[in-house]
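Trainee: how does the following fold in three dimensions:
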Amino acid sequence: MLLAVNTTLILSLIRSHFVDEGIQAYLIPNGGAQHDGRLWMSSLCEERIVGVSGFSGIGSVLVTKDAALLWTDPTFYEEAEKTLDENWTLMKLSEPEVPDENEYLSQNFPSGSVVGVDAKTYSISQWYARSAALASSGITLKTTSQNLVDAEWKEKPICSGETIVEYPVQFAGKSVQDKLLQLRNALTAKGVDVVLVSELDEVAWLFNLRGSDFGPAFYSFGIVSNDQAVILVKPSTIDETLKLKLKEAGVTVVEEYDEAEASIFNSFVKGSKKVWLSKFVNAGMALVVPPEKQLIKLGPVALLEAVKNPTEVQGLRNAHLRDSLAFVSFFSWLEDEIDKGNKEVTELTASAKVNEFQSKGEHHVMSGYESISAYGANSAQPLYRPTPETNKVISTDAVYLLDAGSHYLDGTTDITRTIHLGMPRDIEKDRFTRILKGHIALSTKVFPNKSTGDRLDSFARQFLWQDGVDYSYFLTGHSISPYMYLHYGPHQITTTFNPDDSGIEENMFISNEPGYFKDGEFGIRIENIMRMVKAKFDGYLEIELISFVPFQLKMIKAELMTSEEIAWLDSYHKECREKLMELIDNVDYVDPSVRLWLIEATKSFAEFNSRKSNQKLQLIHKFIHSR
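Mentor: Numbering: from 1, shown residues only. Predicted coordinates for the structure are as follows:
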């Protein structure tokens, strides 16, 4: 149960610094020094909005001499209203009359005012945008001498950093030396002396390392010049043996992460002519670089990481096949439990069960993320995660949506399926079928190499649009990588053009996950991972699916399907059956009942509907003869 936290004292203590800092207001954004634009999680020690307000959702805070304001979106209104005490004003971003932070400051502070922020908590692009916006009203944005929340947050958790380990070439496919050579060639091509590698996934990829601070990522920065490479990490996170291996690869380990911009990075900047910075790098580090030396754009490691080498390609295929078997094992178990009348299967126990099946797979390390295990009305929330307070019993009355993934040493996985354990309603079948048709349309497209993701997005939405509906989230497809978190890199399938998207290339991997969410009633999403491969036409790409979990046939509305779509579905299900049966033959942890479930789930569409018609006739005859 959420309870309001008394914030009178900490707000008073933060305001006590205003005079010495020469500011009239203080901004507190989400996130910390590792301002990774692709990171969907943060460490507890960096959740400063929690420290100052008790609110744990996504938002931003402004503290003034006599007010404290929190901006957030509709997803978090309920939490904010329950956790904020009387010191706070909730600024609801969806309401048109509510000003954003820039508008509020311009309306309430005179020209000549100074607003403070810890520059490490802003990306450089945010810093420049906010500085310019406030400057138009005569207001100055200033970095404070210290983080004012940290100075007064008495119970702040410690950001210690977990152990960092080597990621073997067996899975990485390329040595650190080879990756550094690729990177230096990219620097030379741009006339750049130094690059700051600030995205966590890019540091881990470049130096063939993995940790556990943020999934497999870890607190770190990388600095690379033509003749030096340095990785900055938290103290005592890399052992001496690994340090020696990195040294042999030409990499120096420096355990000064928290003072990175004041030490090592500054020494690189002084001797350089041009420094390449990601737009996501924190402003505290970026502002060390004089403006005339800054090249701010998508970092060069992003594209190197996005195009998978042959070892990574095979690893992702293998990992998704194992994860597909875990899904099939789970659904076989779930249907059996419901058929037996088990009334104790809940969203939470189902989530734990699928994780159990995933953990049996070769090279499994940990869950990829907290599963979306959503039954009935809970499935209408795209980012729902069950809690003890919201946990529902799974039964035969509504749809069940499962979105789960795992980190295997050879690949990270992400699969979503929606099923019904009873008799789906017509509207549920209609929406499922339109989503499936969009999924098939995107999966079967041939398109020019280097097409940007926004050119592909409408293929997945078109059949929902034909009925006047859509899915609210803008992202149809995100990136995926070997043993790393999701949503890295600029290549996505989305409604809007991303200026950082250099185009989709061969051996990029992207999800295909259209959906539909009817508020308060039900939600449907299906998701497979796609590999981009060369088409038979020169300069074009097509798609290879690497996820093999059958779509529930009873959720499909036959009259909406074309003969070509049915042929695709039958072919996909045949591939699911063949690939998974072969894998089952080579492992010893699968229950025999899974084979029977798989055979039933992958029947041809015609056979399924013929059998369904015969069952219906039998029921009619039985009813007639009973009269």
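Trainee: max-length helix in the protein?
Mentor: Using DSSP state H, we find that the single longest helix of the chain is helix 310-339.
Trainee: report all helices and strands that the helix or strand immediately after that one in the chain contacts.
Mentor: Tracing the chain C-terminally past helix 310-339 and defining elements by DSSP states H and E, one meets helix 347-359 next. Contact partners of helix 347-359 among helices and strands, from 3 or more Cβ pairs under 8 Å, 6 or more residues apart in numbering; DSSP states H and E: helix 310-339, strand 364-367, strand 372-375, strand 399-404, strand 406-408. The C-beta positions use only the backbone N, C-alpha and C, and glycine is treated the same way.
Trainee: which one of those lies closest to Asp457?
Mentor: Smallest distance to Asp457 across the helices and strands packed on helix 347-359 (Cβ to Cβ): 19.4 Å, for strand 399-404.
Trainee: in its sheet, which strands sit next to the closest one, and in what direction?
Mentor: Sheet pairing of strand 399-404 (DSSP bridges) gives strand 372-375 (antiparallel), strand 415-420 (antiparallel).
Trainee: deepest of the ones you listed, which one?
Mentor: Most buried of these by mean neighbour count (mean count of other Cβ atoms under 10 Å) is strand 372-375; its value is a mean of 26.
Trainee: quick one: mean pLDDT for that strand?
Mentor: On average, the pLDDT along strand 372-375 is 97.
Trainee: how about that strand as CSV, C-alpha atoms only?
Mentor: Extracted in CSV, the C-alpha atoms of strand 372-375 (Å, rounded to 0.1, in the frame of the first residue of the first chain):
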residue,chain,number,x,y,z
ILE,A,372,4.5,-8.7,-18.0
SER,A,373,2.1,-11.4,-16.8
ALA,A,374,-1.4,-9.9,-17.2
TYR,A,375,-4.8,-11.4,-17.0
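Trainee: which residues of the stretch 351-500 of the chain fall in helices?
Mentor: With DSSP state H, counting those that start in this stretch as the definition, the stretch 351-500 of the chain shows helices at residue ranges 426-443, 457-465.
Trainee: same check, this time on the stretch 201-350 of the chain
Mentor: Under DSSP H, counting those that start in this stretch, the stretch 201-350 of the chain gives helices at 240-248, 264-270, 283-286, 300-306, 310-339, 347-359.
Trainee: can I get those helices in CSV with mean neighbour count?
Mentor: Putting these into CSV (neighbours: other Cβ atoms under 10 Å) gives the following:
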stretch, mean neighbour count
helix 240-248, 13
helix 264-270, 17
helix 283-286, 24
helix 300-306, 22
helix 310-339, 21
helix 347-359, 20
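Trainee: out of those helices, which gets nearest to Thr8?
Mentor: Of these, the one closest to Thr8 (Cβ to Cβ) turns out to be helix 283-286, at 29.7 Å.
Trainee: so, low pLDDT: which residues of this protein?
Mentor: For the chain, the stretches with pLDDT under 70 are 1-4, 34-42, 260-263, 612-627.
Trainee: quick check: which element contains Leu11?
Mentor: Per DSSP H and E: Leu11 is located in helix 8-15.
Trainee: quick one: name whatever helix or strand follows that helix.
Mentor: Sequence-wise, the next helix or strand downstream of helix 8-15 (DSSP H and E) is helix 18-21.
Trainee: CA atoms only for whatever helix or strand comes next after that next one, dumped as PDB, please.
Mentor: Using DSSP H and E, the next helix or strand after helix 18-21 towards the C-terminus is strand 25-28. Provided in PDB are the C-alpha atoms of strand 25-28 (Å, rounded to 0.1, in the frame of the first residue of the first chain):
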ATOM      1  CA  ALA A  25      15.200  27.200  -7.900                       C
ATOM      2  CA  TYR A  26      16.500  23.600  -8.300                       C
ATOM      3  CA  LEU A  27      15.700  21.000 -11.000                       C
ATOM      4  CA  ILE A  28      15.800  17.300 -10.200                       C
END
